[in-house]
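> Got a sequence here, can you build the structure:
(chains A, B, C and D)
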2 protein chains.
Amino acid sequence: MYAEPLYAQQIANIAPAPAVFPPHIGTGDDLPLDVGQVMHFARGEEIFGQGERADCLYKVVSGWVRSYRILRDGRRQIEGFHLAGEYFGIETDDSHHCSAEALGPATVLVVRRSVLNELATRRGNIATTLFRLAMQGLQRSREHIAMLSHKSACERVAGFLLDMAERADAVKALDLPMSRQDIADYLSLTIETVSRTLSQLQADGLIDIPRSRNIVLRDRLALEDMCE
Amino acid sequence: MYAEPLYAQQIANIAPAPAVFPPHIGTGDDLPLDVGQVMHFARGEEIFGQGERADCLYKVVSGWVRSYRILRDGRRQIEGFHLAGEYFGIETDDSHHCSAEALGPATVLVVRRSVLNELATRRGNIATTLFRLAMQGLQRSREHIAMLSHKSACERVAGFLLDMAERADAVKALDLPMSRQDIADYLSLTIETVSRTLSQLQADGLIDIPRSRNIVLRDRLALEDMCE
DNA sequence: CGTCGGGTTGAACTGCATCAATATAGGTGG
DNA sequence: CCACCTATATTGATGCAGTTCAACCCGACG
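Here you go, the predicted model:
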């Protein structure tokens, strides 16, 4: 038995809200942990699959998650990496347009749309939150387009490292939970190019790579310049 | 004097709606012409500019519109072309992230957010419509990413022609209102590559180019295969 | 110690960008 | 109507960034 599809008319069905918008005001509202079920996923385990009915919304509690799409030609496009506090699995319609997997052991808050729906009728700011989350996805997509449309391999990799460092709150040492293949599929490069570019950045003294998934940002400014 | 920013809490502020979602059902609801002002723009005229306050929503009545962004390095990224019946200028926050210009003479319905806001409190399906429109933008962005992430110049151009033909309801003869530079900036190619690719498609008998902006699709199936 | 998955490095190729020249179409004024 | 001008578009020649194919390396784990 499935929940009703959420969003449009769900958001349309809610009572007048305290109205805190535009988002830059920072409402701070968030989904409480008790609205859903906290689930654990093992490394590589699928959280949901492309095409499956989308009757839940997800939030990373701990660990990392990747969401990706298999394109018609069989290539994998990684749409994004999600870490603690970030939401994923928000859909336009009633089925998932991408799959999501745990990069490593991860705990995820799973919220049924039906529950959200009910909640939203009582607390309008939840609808606001949902809308904002959906719009954040749009924002990220636009940045992805800007990246793909004109950035070189070097700019992509440098930008990726900075983005990861910022989101993981890493000042210098950065532990990447994803493989080179994951990075390549996210940046739309080949695994070889990613590897070569990282080696080059190391040779230039911008980063250090003590172990393959452990990267130290030696010259953050230079990396930032590189991304323009 | 400016209107209130719309969207999130506006959508949150509306009364229960007839609830026809998901969108594939096709609600057919739409903004009536009398909710806004119909304005005329000359070829190349700016409708709104990147960074300007976004207090209106736009719908093409006749003609074509391009929306684009100037990136930090000065390059122009065309986000999309809009034709009669299509909406544009829907924003995440309260300022426009892109500019919009009329490709040729165009009439555009301009709806103030404040008016929409008022309207939405009375007719919930307007909020549904707005949300759907915003989500369509997300959908299109994802397709753009898929295109940029792995398609060759040839696939991009072929896909572009088919897309344009479909949206303009052109069975065979297709009148493109945009320049080669526009196409290039949309597909993230150079003007030379676009031109060369079109010439190649013509040489292969897939299309015919009687005049540069007039293209005849001779072998639609082959073009479709190409995009796969 | 061997094996296996993930990562790195090398060499050759290629598709698109770049630079440069030429062609064509619209528009304007004589 | 033609001559001219500027925009836009096409075509050619060359270079290079990133892909592809292939070999090798390294660390984890039996």
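> buried stuff in the helix ranked longest in chain A?
Criterion DSSP state H: the longest helix present in chain A is helix A:124-150. Residues of helix A:124-150 classed as buried: A:124-135, A:137-138, A:141-142, A:144-150 (neighbour count, 16 or more other C-beta atoms under 10 Å in any protein chain shown). (Glycine included, C-beta is placed from N, CA and C.)
> and those residues near DNA strand C, which?
Restricting the buried residues of helix A:124-150 to those touching DNA strand C (C-beta under 7 Å from any atom of the strand) yields no residues.
> close to chain B, is the helix or strand harbouring residue A:201?
Assigned by DSSP states H and E, residue A:201 belongs to helix A:191-203. No: between helix A:191-203 and chain B, judged by C-beta under 8 Å from any C-beta of the partner chain, nothing touches; the nearest distance is 13.8 Å.
> tell me what that helix is packed against?
Contact partners of helix A:191-203 among helices and strands, from 3 or more C-beta pairs under 8 Å, 6 or more residues apart in numbering or on different chains; DSSP states H and E: helix A:153-167, helix A:180-187, strand A:207-211.
> Pull the residues that contact stretch A:83-95.
Contacts with stretch A:83-95, where a contact means C-beta atoms under 8 Å, 6 or more residues apart in numbering or on different chains, come from A:5, A:7, A:47-48, A:51-65, A:67, A:80, A:82, A:96-97, A:100, A:130, A:133-134, A:137, A:167-168, B:22-24, B:135-136, B:138-139.
> Start and end of it, how far apart?
23 Å (C-alpha to C-alpha, to the nearest Å).
> which residues does the residue nearest the centre of chain A contact?
Geometric centre of chain A, nearest residue: residue A:82, 3.5 Å, by C-alpha atoms, centre = their mean. Neighbour list for residue A:82: A:60, A:64-67, A:88, A:100 [criterion: C-beta under 8 Å, 6+ apart].
> Need the contact partners of stretch A:217-227.
By C-beta under 8 Å, 6+ apart, stretch A:217-227 touches A:151, A:154-155, A:158-159, A:161-162, A:165, A:170, A:172-174, A:201, A:204-208.
> Quick one: closest of the helices and strands packed on helix A:191-203 to DNA strand C.
Nearest of those to DNA strand C, taken as C-beta to the nearest atom of the strand: helix A:180-187 at 3.9 Å.
> Can you spell out which helices and strands pack onto the closest one?
Packing partners of helix A:180-187 (3+ C-beta pairs under 8 Å, 6+ apart): strand A:76-83, helix A:153-167, helix A:191-203.
> In JSON lines: the ones you listed, plus mean pLDDT.
Output for the helices and strands packed on helix A:180-187, formatted as JSON lines (pLDDT from 0 to 100):
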{"stretch": "strand A:76-83", "mean pLDDT": "96"}
{"stretch": "helix A:153-167", "mean pLDDT": "97"}
{"stretch": "helix A:191-203", "mean pLDDT": "98"}
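> Contact residues of chain A facing DNA strand C?
Neighbours of DNA strand C within chain A, by C-beta under 7 Å from any atom of the strand: A:179-181, A:191-192, A:194-196, A:198-199, A:209, A:212-213.
> Of the residues you listed, which is the most crowded?
Of the residues of chain A next to DNA strand C, residue A:194 is surrounded by the most neighbours, 23 neighbours in total, counting by other C-beta atoms under 10 Å in any protein chain shown.
> and that residue, what does it touch?
By C-beta under 8 Å, 6+ apart, the residues touching residue A:194 are A:153, A:157, A:180, A:183-184, A:187.
> Now the two most distant members of those residues.
Farthest apart among these by C-beta to C-beta are A:153 and A:180. That separation is 12.9 Å.
> I'd like to know which of the residues of chain A next to DNA strand C is nearest to DNA strand D.
residue A:192 (3.8 Å).
> Against residue A:215, how distant is that closest one?
Noted for residue A:192: a distance of 18 Å to residue A:215, by C-beta to C-beta, to the nearest Å.
> just checking, residue A:37 touches residue A:115?
No: using C-beta atoms under 8 Å as the test, residue A:37 is too far from residue A:115 to be in contact (9.6 Å).
> residues contacting the nearest residue to residue A:141 once chain neighbours are set aside?
Excluding the flanking residues, the one nearest residue A:141 by C-beta to C-beta, 6 or more residues apart in numbering or on different chains is residue B:141, at 3.8 Å. By C-beta under 8 Å, 6+ apart, the contact set of residue B:141 is A:138, A:141-142, A:144-145.
> repeat that for 7 Å
The contact partners of residue B:141, by C-beta atoms under 7 Å, 6 or more residues apart in numbering or on different chains, come to A:138, A:141-142, A:145.
> Make CSV out of these and add pLDDT.
Converted to CSV, the contacts of residue B:141 look like this (pLDDT from 0 to 100):
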residue, pLDDT
A:138, 88
A:141, 93
A:142, 93
A:145, 96
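> Among the residues you listed, which one sits closest to chain B?
The closest of the contacts of residue B:141 to chain B turns out to be residue A:141 (C-beta to the nearest C-beta; 3.8 Å).
> According to the record, where do the domains of chain A fall?
The record's domain parsing of chain A by automatic domain parsing lists A:8-13+A:25-141, A:151-226.
> so which of those gets nearest residue B:71?
Closest approach to residue B:71 among these is made by domain A:151-226 (9.6 Å; C-beta to C-beta).
> End to end on the closest one, go ahead and measure it.
For domain A:151-226, the first and last residues are 10 Å from each other (C-alpha to C-alpha).
> Dump the helices and strands packed on helix A:180-187 to a markdown table, plus distance to residue B:92.
Listed next are those as a markdown table, based on distance: least, C-beta to C-beta, whole Å:
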| stretch | distance to residue B:92 |
| --- | --- |
| strand A:76-83 | 17 |
| helix A:153-167 | 19 |
| helix A:191-203 | 30 |
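> pLDDT of stretch A:95-110, averaged?
If you average the pLDDT over stretch A:95-110, you get 95.
> That stretch near DNA strand D anywhere?
No: with C-beta under 7 Å from any atom of the strand as the criterion, DNA strand D is not reached by stretch A:95-110; the gap is at least 12.7 Å.
> Touching stretch A:175-193 from outside, list them.
Outside of stretch A:175-193, the residues within contact range by C-beta under 7 Å, 6+ apart are A:64, A:66, A:68, A:76-78, A:81, A:103-104, A:148, A:153, A:156-157, A:160, A:164, A:194-195, A:213-215, B:149-150.
> Could you list the buried residues of it?
By neighbour count with 16+ other C-beta under 10 Å, stretch A:175-193 contains the buried residues A:176-178, A:180, A:182-189, A:193.
> which of these are close to DNA strand D?
Contacts with DNA strand D within these, counted by C-beta under 7 Å from any atom of the strand: A:188-189, A:193.
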